[in-house]
Structures are given as structure tokens and as C-alpha cells.
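# kindly generate the corresponding structure for this input.
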Amino acid sequence: MGDKDDVNVDELTARAAELQLESAASRSPRSPGLRLRIPNPFEREDEVMETASQASPMGHAGTSRVAAAPTLPQPPRFEGRSMQDRRDFMHKYETYLGAINALQTQWSGAFAMPVGACIESKTKRMIARYEFNQLPGAITEEQWVAYFLQAKTPSHVDYTSVDEAMKALRMQTRWPEPESRMMNLQSDMEAILDRFNLTDLAFQHEQRRLVKYLAAALAPPGFKAVINTKLTLQENRTYKHEVVPFCSWVTQLMKEFMTWEHAAQVSGGQPGPSAQNQPRSGSGGRGGNGGRGANTGRGAGGGDNTPTRGAQGSPSIRGGRGDQHGRGGRGYGSTRPQESTRPQESPSRGPTPETRSGRGACLKCGSSEHQVRQCPLCSSEEAVELLRGRREQHAGTRGVSMNKFDVVTASDSVLTAGEDRGTVEAAVEGVPVKALLLDSGADTSLVARGVLDSIGQAGKPVAVRTIHPVRLSPVGGREVVVQRMATFSEIVLTTSAGPLLLRNLACFVEEDNSRMELTVGRPIMKILGYSTDKLLVEARDAQAEWELGGDTSPKVDKDQSSPTSLQRIYRLAVAAQDPGPDAEEEDIYRHETRTALPCMQPTNLAEVTHYLESKVEIATRMGLTLDGSAKLRGILQMRADSFRLEFGHDPPVRVAPMQVRLKPGATPIRAQPRRYSPNDRAFLDRHTTTLMKHGLIFKNHRSRWASAPRIVKKKEQADDPLADPRMTIDTRSVNERTEPMPWPMPVLEVVIGELEGAKVFFVLDWFRGYWQLPLHPDSQEIYSFVTHRGIYTPTRVPMGATDAVAYCQGVVEEIFGDLLGTCILAWLDDILGYAEDEASLLEVLDKVLERCEKFGLKLHAKKCQFFATEVKWCGRMTSAQGVRHCPERIQGLVEMQAPQTAGDLQQFLCAVNWMRQSIPEFTRITAVLYDALDRAAQIAGSRKKQRLLGRRRHDA
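Purely as a prediction, here's the structure:
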């Protein structure tokens, strides 16, 4: 480069400063306050969008000086494959468009990149090929916007998966502000909803569900319990249906709760949430004349702040308490520093880390003025050894993290809920067992012979069978040989939360043990939810490291056994603000906050077993062989819990409850109590008392719905006048306000064809039919009924509801599924089993009873028939010879007299018409009768003609 090309830097700088950047000015200035806003393409639904970036109306006639121009926001780039990637791109594009709109000023505008231009080239070609089947250049901006908007529509709505994912939702308590805690909880919930693309849909239709998610995720547990209790009150019912008011309400209550919580922490010395997340400090030292420091780390000394060194800790502050590691002084210490009792180190070994001046000091004398090689007190050989030892020490500790941990005792364990000796109080078949061992290491369950002897003395039957000898090898004991196995229908374990009922537990019998002992093996404990890994995970969540070298004997924590003064004051304040109900209101509050499902209690199966034994005898008389009788008896003994004779404290069938949908604008219906005869009133009293006793209904003083019950006579009352009638609910008005549930009912004439080739049958009948089916809590009040005693709300599906039949048939198909049409037929609560021989029939019976036991479905022991060559099912007699009508149903038709008039003939034809599908060539047989009826109608004329002739005769 020549000299003429050399330019002075200062001269270039001066020239650049003199330059003016010219730009086109607006042809017509905008009005003050006018802002050009580019519309969001993902929020426009019906408008036609020319382009994602509208053309600027600004002209370029004039010139103006630009003093400064902000950097334009960079548009997002889409190169994803999934629907979630599309939604993420839309969110980023909306953020980008908001920034672009912020740059729209009075005199200038910013250009927004169209949606189609934000797609990566390879991704764009692939989408154009597979989604549009066009070239990328042929796709319009509207098509690209519509492509991304597809991701906003949920393809599959499955709240079951959402419910499972929401179980991990937890409120984080590390923030000291309630708003921060609530905002993070809301963000976590919406993140889960976004993952399933259900955010907008859930906020539109499922706000009650969202409130349940948030309420279940609240923390700490004390605050969560308060919120759940308040939600049961009638005054707070609005918060159960709307998310935003619920969050505001919870935030306000959290402020009050955290105020008391902070005061309790200050008074009780407990660290707050933020302090708990901080790393622990070092061990405390021993104060001058103070006592032993408490584990709470509370400073209470009155001495000075002179640093001292304890005999077994690091320097601490005199008068303060130490933490959980050491001893802190309490009281008044002296002002003179105490000398350490640790002996002095030998000079040849060098200073310890505590006495070294700092990093880089001499390894021999500890001076920071020189290094170990220049130390006058150290020879060169000794310096080399010290440096080698230093390097080895550094290499040995590299990559190893040292964490401080606490020494805890059994009384300090956060997982200890009470004394646990591995035994619980129990009752086997109603006989108390003093100690029941829950042994997670035993491979099988074992019962002592003494338990069987006690049950036998009580007169209760137990299913005991002989088996091939089995040798058991207990740990540390002698070998046990067992030859019998007992199956207990009921074992009740007493827990702190209530009784736990085990049914049909099979145990080996230990013949040489006469004590009242029962060992539940590991397989059963695993079924009940016992998991070694789960227990260790809970311990790991509570504390990462546990020191068990101290005293592990259980101790009573006095701080937990009695409340503090602040706690007592707070309880009095709460009691004054919200007094509990008095004796008269207790029943109302209990039912307003009650659960909709009854509790489980053991049921006496002695009478059921007696009836089942009689059914086996009937089956034997019907042709069942001795081997078949023995097998049937074993099946019924094993599945005896699936049968009932009267109402019990049994939970409903384990299926999704029936939930009805009201028509838009439906209003509650409340019928007036009807007048009943004295006998019917007495029956209503007995019936409602029984239903309330077993949790099938509850008295509802706040119900806005009420239907009248209907008393229907049973056919048993014709033979027994003292027999009780049947109570149903007149739900016609409710049915008019509900949307029916569609479900295809089986066509009997079609499904009966599956019985071809069957020779033996059994018939099963549900116990109390619909009363076993659960009713959703949201739909229970709708079917409330009113009697002369008050209003009662059912917890089970009522007979006569619009969806009852369809729901019941759906439950049948859910329970028996693959068995239907292959070995059984089912019409609502009537089940027909069929097979070609008795062995196959008993296998089918065992499968059906197994399904009943799995889903908790109970059968009527009196109405079941377990073996027959001809059975009655759905009004038809079924046998190997075919299907015929039940004689009882057609007896009235058989006894009809021959028709004498045209009216009698019409009545006869209407009566036999319901049998036309069962009578071959019905049309040909009845054609002559229908012709005679038509001729009689022509002669008699129509009703109008008859009335006209009658008037003329009257006038004449």
C-alpha cells in the first residue's frame, strides 16, 4: 500500500463524525398516541390474514436524522417434529411479536418475520411434502398458521394420565413469600397440563379438578390439613369450583399461617424453611461455665463473645449454644480465652492444618515469608519428603466430597410414628389373636395350631385341606414340616388408622405350636404395599446420611408430647374465631363433611356358608357327580366372601362411579312427601334405617333435590302377607332433566343362539342389584328422596335412573369382558353360565367367582343355582333340548277364553304379539284372525262414524 493510500486515523474519525445518516421520513405523520400493532396470527381465528407482517404505511418522501436505533428482536426458528414443538414455537413467536409491536412508534415501524419464514429449510421441505403434498413455495401464510394452530387442539383427552402425573405436584417451601410459593405451584401445574395439551380445556371445563390438584399439593402438611378442612365447609364451597378465587384465598391464608409459623419458629427455636435449606455450620465448642448445648441450636448464653476453643469442637462464641454436633456454652463465661488441651505437635512433623497460617505457607514452620525449600529449619531431604507427602495427600483427597452429618437417636428419627415391635393386635375369624407377626422375610404365611383350636371352640368353620408335606426352614430354628393348609375368610388387623381386613388368606398350619400366633409372609406384605426400597427412599428423603452409633433405644420426645405455650395460645384463638358445633349441630356437620362411601367392616359368613352347603346338596340331586360335588364345595368355600344374604358394610363394586349429566338450564326438583299407609310407613322406617346403618344412604338436611319414593309390591307378598315390599324412587322428573347415556343392550333372541351345544348350566343373581354400584359424589344429591322422616341421599345407583340400565350393563361387560358370549350370558344382574359337561361348567363358575371377588361384586346366596340341566333365565326355560317360554309367564295367555267379539279378538292378538319372535310362522298363523278383525272394523266403522250414529239414534 502506497503512501497516498495511508489515511490518518484521526482524519477518518473526523470524517465519520461529519457524516449524516439519511432515511425516508413519513409522508404523513401519524396522530399522537397512534401505535401500529401487528396482530398475532395464532390468536386470529376467522379473519383472513394477508401476511404475518403488515405492510408499513410509511412513505419515503422526506429525510430525517436517526439518533439511535434499537436492535430488532430475532425471530424464533422452528425445526421440531412433535406437537409440543409446535406449541413451544407458538409461545416463542408470540413473545417475539410482542417485542416487535413494542417498537412500533409514531414515526417508525419494525418488520415482523412471517411464520413461514421462521421454519428451518429442511424441516419446511419435509412438512410441505408430508403435510401439504406441495412445494414449499406454494404454501400460503394462512396454511402455515393453520398448521401450527392444529397443535392447540387436544388429540386425546385422558385425565387418568393427568391424575397420575399430578401426584408428583408439590409446593416448594424454600421461598419466604406466599406469593412466590403459590406462583411456582401454579407454574408447575400448568407445565404438567401443557405436557398433555389440556391447559385451556381444563380451565374451561375442569376447574374443580384443578382445585383438587392444587389442594393436594399444598405444603407444609399442617397448612394442607387446614385448607382441606375449610373446603368442607359450606361457606367455602365457591372455592372448590373456581381456580383463581381458590388461589387468592389460599395465598391470603398462607400469609396468616406463615406469620404464626414464623412466630412459632422464633419461640420454639425451630429453623424456618429457608434456614433448613442452608448448609449446616460447624460443631459448637464448650462455653466457659455453661451447660450442655441443646440440639435446637438456640442461643441463650449471657456471657461475652470471646472466641474459645472447646475440648472437642471448633471455635465458637462464648455464651451461645452449639448445634447438634457439639456442646455450646449456656450461662456466663469468663473473659479470659481458654487454652486448648490438645498436646503440641512435634516440630518434625510440621504444623497441623489448624495452626498453619494459610494457603502457600511453609510446610515446616508455617511461616508465610518463605516456602519449605527456603526454610532455615528444614534440610533439603526433609523438604522433599514434606512436598511428596503433600502431593500424595492432595492426590488422595482429589474428587472426594466431605459432607457433615448428624448423629441421631431413635427419638430423633423423623420416620418414627410410634413404637413398632413387629406385632399388631388382630382377629382371625372373630377370634382375638394376641400377637400377629408381620415378617417380611418369610416366604409363606404360617398359623399356629392354637389359633385353629380356638376358632373351632368358637364354633366357626375354617376351610382346612391336606397337602403334600412341605418342609420349612426358619432362620435360626429347627425344620418345620407342614401337611395342612388353612384358608381364613376374615383376618382383621388393628392399625392406628383403623381396621385392615384381609380375606381368603391361605396359611400353612404349624402343628407343634399351640400359641396364638400368625405370621404373614413376604408375598402378602408385598401385595399390601410393603417395599424395602420404598422405606429406604423415605429415609433418604428425610436425611441423606444416618449415624447409628449412638443410643438407639426408644425415647419419648417431650417437645412432641405436650404443646408449647404459643401453640396453646394459637389453639385458643382459633377456637374463639371458629367455635365447634354444639350437640344439636354435630349431626349436621358430620354429614356435611362425611365421605360418600361406607367403611369396611368384617361380615359374618357362617349363615352364608350354610346356604352354600345346601346349594351343593341341591346340585347333587340335580345330577352333579360326587367328584363334581367335592369340587363345587371347594370352590364355594374358597369364594364364600362373594356371597351375601343381607346388607353389610361392603364397599361398592370397584368400577368408575356413575356420573350423570344435567341438561343445560336444568333446575332442581323437590317433591312433597306423599301419604302412605301405616304398613308402608313402617316399612319405610325399617328400610331407611337399614340403609343408613350400612352407609348406603345418609340424611341430607341441605339437599335441593328430592323425589318421592314408590312402594311396589313383590310377588312374595301374595303368599306371605308379612313380606316386605320393594322401595323404588320416582325419578321421572329427574330423568327429564338428565342426558341419557348411550349403551347397546344385548338382543336376547340373538345371544341365546350362543347356547347351542350346551348341556349343563348355572344361574347367578346379584345381591341387591343396583345397590352395589357406586354413584359419583357429584350426582348423589340429584337422586335424593323424601319420606315422612326427612330427605335421604343415596350413595349407590338408584333403580329407575335414566342411566342406571346402561351403566349396569356396561359394568357387567367391564367385569366379565372376554367371558361374555363364550361361556356366560348376562342381562343386567342375571348371569347364565353354560358348558357341555360338568367339569367345564365348574371351571367357568370358578372364573366368574374370581372376577366377582376381584371387583368386589356380591351375589345372592339364596337365588343362585350352581348346577342344573334346565334353568330359568330372563323369563325363558333353557335346557339342552332348546329354549322355551316359562310356563308361569304365559299362564295368563293360556287361560284366556276364546274371543267372542271383535274387541275380544283384538285383545287376544295384542296379548300374543309379544311372543311373535318365539313362534315360527307367526304371521301366517295369525293372518286369518287379522282378516276377521279387519272385516269387523269395516262393518263397525271408525270411532267418528260410531259417534255420529249414536247421535242420530239419540236424536231419533
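
# wait, a strand at residue 636?
No - the assignment for residue 636 by DSSP: H, G, I helix; E, B strand; the rest coil gives helix, which leaves it out of any strand.

# low-confidence regions, the stretch 601-750 of the chain specifically.
For the stretch 601-750 of the chain, residues meeting the criterion pLDDT under 70 lie at 601-604.

# which residue ranges of it form helices?
Residue ranges of the helices in the stretch 601-750 of the chain, as given by DSSP state H, counting those that start in this stretch, are 606-621, 626-638, 678-693, 716-719, 732-736, 748-751.

# of all those, which lies closest to residue 374?
Closest approach to residue 374 among the helices of the stretch 601-750 of the chain (CB to CB): helix 626-638, 90.9 Å. The way it works is simple: take the backbone N, C-alpha and C, and place the C-beta from them, glycine included.

# helices or strands next to that closest one in the packing?
Judged by 3 or more CB pairs under 8 Å, 6 or more residues apart in numbering; DSSP states H and E, helix 626-638 is in contact with strand 463-472, helix 606-621, helix 838-855, strand 865-868.

# hmm, who's touching the last one?
If you take CB atoms under 8 Å, 6 or more residues apart in numbering as the criterion, strand 865-868 is touched by 615-616, 618-619, 622-624, 628, 632, 636, 760-763, 838, 841, 845, 871.

# break the chain into its domains for me.
Under the assignment automatic domain parsing, the domains of the chain span 29-56+70-152, 159-273, 349-395, 421-542, 606-885, 896-953.

# can you give me the end-to-end span of the fifth one?
Right, the one you point to is domain 606-885. 37 Å (CA to CA, to the nearest Å).

# what is the mean pLDDT for stretch 227-235?
In this model, stretch 227-235 has an average pLDDT of 85.

# okay, buried residues for that stretch please.
By neighbour count with 16 or more other CB atoms under 10 Å, stretch 227-235 contains the buried residues 227, 231.

# and the end-to-end length of that stretch?
End-to-end for stretch 227-235, by CA to CA: 13 Å.

# now the helices: where do they sit in the stretch 851-956 of the chain?
Secondary structure of the stretch 851-956 of the chain, counting by DSSP H, counting those that start in this stretch: helices at 887-894, 902-913, 922-940, 943-955.

# contacts for the second one next, please.
Residues external to helix 902-913 that are found in contact with it (CB under 8 Å, 6+ apart): 893, 896-897, 899, 919, 926, 929-930, 932-933, 936-937, 940.

# of the residues you listed, buried ones?
Neighbour-count burial (16+ other CB under 10 Å) is assigned, among the contacts of helix 902-913, to 899, 926, 933.

# now do the residue lying closest to the first one once chain neighbours are set aside, the pLDDT please.
With CB to CB, 6 or more residues apart in numbering as the measure, residue 905 is the residue that lies nearest to residue 899, at 4.1 Å, once sequence neighbours are left out. For residue 905, the pLDDT comes out at 84.

# look up how far residue 186 lies from residue 905.
Distance, residue 905 to residue 186, by CB to CB, to the nearest Å: 76 Å.

# next: residue 749.
57 Å.

# what does residue 498 give?
Taking CB to CB, one finds residue 498 at 35 Å from residue 186.

# so between those two, which is more surrounded?
For residue 498 versus residue 186, the count of surrounding residues by other CB atoms under 10 Å is larger for residue 186: 15 against 9.

# and for the helix or strand hosting the more buried one, what's in contact with it?
When elements are assigned from DSSP states H and E, residue 186 belongs to helix 178-195. Contacts with helix 178-195, where a contact means CB under 8 Å, 6+ apart, come from 84, 87, 162, 165-166, 169, 171-173, 175, 199, 202, 210, 213-214, 217-218, 247, 250-251, 254-255, 258.

# what subset of those residues is buried?
Here, 16+ other CB under 10 Å leaves 87, 162, 166, 169, 171, 173, 199, 202, 210, 213-214, 217-218, 247, 250, 254, 258 buried among the contacts of helix 178-195.

# can you tell which of the helices of the stretch 601-750 of the chain is closest to residue 231?
helix 678-693 (25.2 Å).

# quick revisit: closest to residue 729 among the contacts of helix 902-913?
Closest to residue 729 out of the contacts of helix 902-913 is residue 893 (32.1 Å), distances taken as CB to CB.

# any idea how far the closest one lies from residue 432?
In terms of CB to CB, residue 893 sits 61 Å off from residue 432.

# and if you look at residue 702?
42 Å.

# beyond the helix holding residue 186, next helix or strand please.
helix 199-205.

# any residues touching that following helix, and which ones?
Residues from elsewhere that reach helix 199-205 (CB under 8 Å, 6+ apart): 152, 154, 157, 162, 190, 193, 209-210, 243.

# so which of those are in helices?
162, 190, 193, 209-210, 243 (DSSP state H).

# quick one: those as JSON lines, columns for pLDDT and distance to residue 100 too.
Putting the ones in helices among the contacts of helix 199-205 into JSON lines (pLDDT from 0 to 100; distance: CB to CB, whole Å) gives the following:
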{"residue": "162", "pLDDT": "88", "distance to residue 100": "35"}
{"residue": "190", "pLDDT": "90", "distance to residue 100": "26"}
{"residue": "193", "pLDDT": "89", "distance to residue 100": "28"}
{"residue": "209", "pLDDT": "90", "distance to residue 100": "37"}
{"residue": "210", "pLDDT": "92", "distance to residue 100": "33"}
{"residue": "243", "pLDDT": "89", "distance to residue 100": "32"}
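
# what ranges do the strands span in the stretch 751-900 of the chain?
Applying DSSP state E, counting those that start in this stretch to the stretch 751-900 of the chain gives strands spanning 760-765, 785-787, 790-794, 824-827, 830-835, 859-860, 865-868, 870-873, 876-879, 882-885.

# which of those sits closest to residue 512?
Short answer: strand 865-868, nearest of the strands of the stretch 751-900 of the chain by CB to CB, at 38.7 Å.

# give me the mean pLDDT for the closest one.
Regarding strand 865-868, the rounded mean pLDDT is 93.

# who does it pair up with?
strand 760-765 (antiparallel) (DSSP bridges).

# residues contacting residue 820?
812-813, 826.

# residue 661: which of those residues is nearest?
Minimum distance to residue 661 across the contacts of residue 820 is 21.0 Å, recorded for residue 813 (CB to CB).

# how near is that closest one to residue 743?
In terms of CB to CB, residue 813 sits 9 Å off from residue 743.

# what of residue 86?
For residue 86 relative to residue 743 (CB to CB), the value is 37 Å.

# now do residue 725
29 Å.

# could you do residue 937 as well?
41 Å.

# returning to that earlier point: how many neighbours does the residue nearest to residue 899 have?
With other CB under 10 Å as criterion, residue 905 counts 17.

# can you pull the buried residues of stretch 716-733?
In stretch 716-733, counting by 16+ other CB under 10 Å, buried: 724-725, 727, 729, 731.

# a markdown table for these, including distance to residue 144?
Converted to a markdown table, those look like this (distance: CB to CB, whole Å):
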| residue | distance to residue 144 |
| --- | --- |
| 724 | 72 |
| 725 | 70 |
| 727 | 64 |
| 729 | 57 |
| 731 | 53 |
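
# picking that back up, comparing residue 86 and residue 743, which residue is more hemmed in?
When neighbours are counted by other CB under 10 Å, residue 86 comes out ahead of the other of residue 86 and residue 743, with 18 against 13.

# residue 145 is in contact with the more buried one, correct?
No - counting by CB atoms under 8 Å, residue 86 sits too far from residue 145 to count as a contact (11.2 Å).

# got any residues that touch both of the two?
In contact with both residue 86 and residue 145: no residue, using CB under 8 Å, 6+ apart.

# count the neighbours of the residue lying closest to residue 782 once chain neighbours are set aside for me.
The shortest distance from residue 782 to any non-neighbouring residue, by CB to CB, 6+ apart, is to residue 705 (5.2 Å). For residue 705, the neighbour count with other CB under 10 Å is 22.

# again, but for residue 609
As a burial measure, residue 609 scores 19 neighbours (other CB under 10 Å).

# what of residue 891?
Close neighbours of residue 891, defined as other CB under 10 Å, add up to 9.
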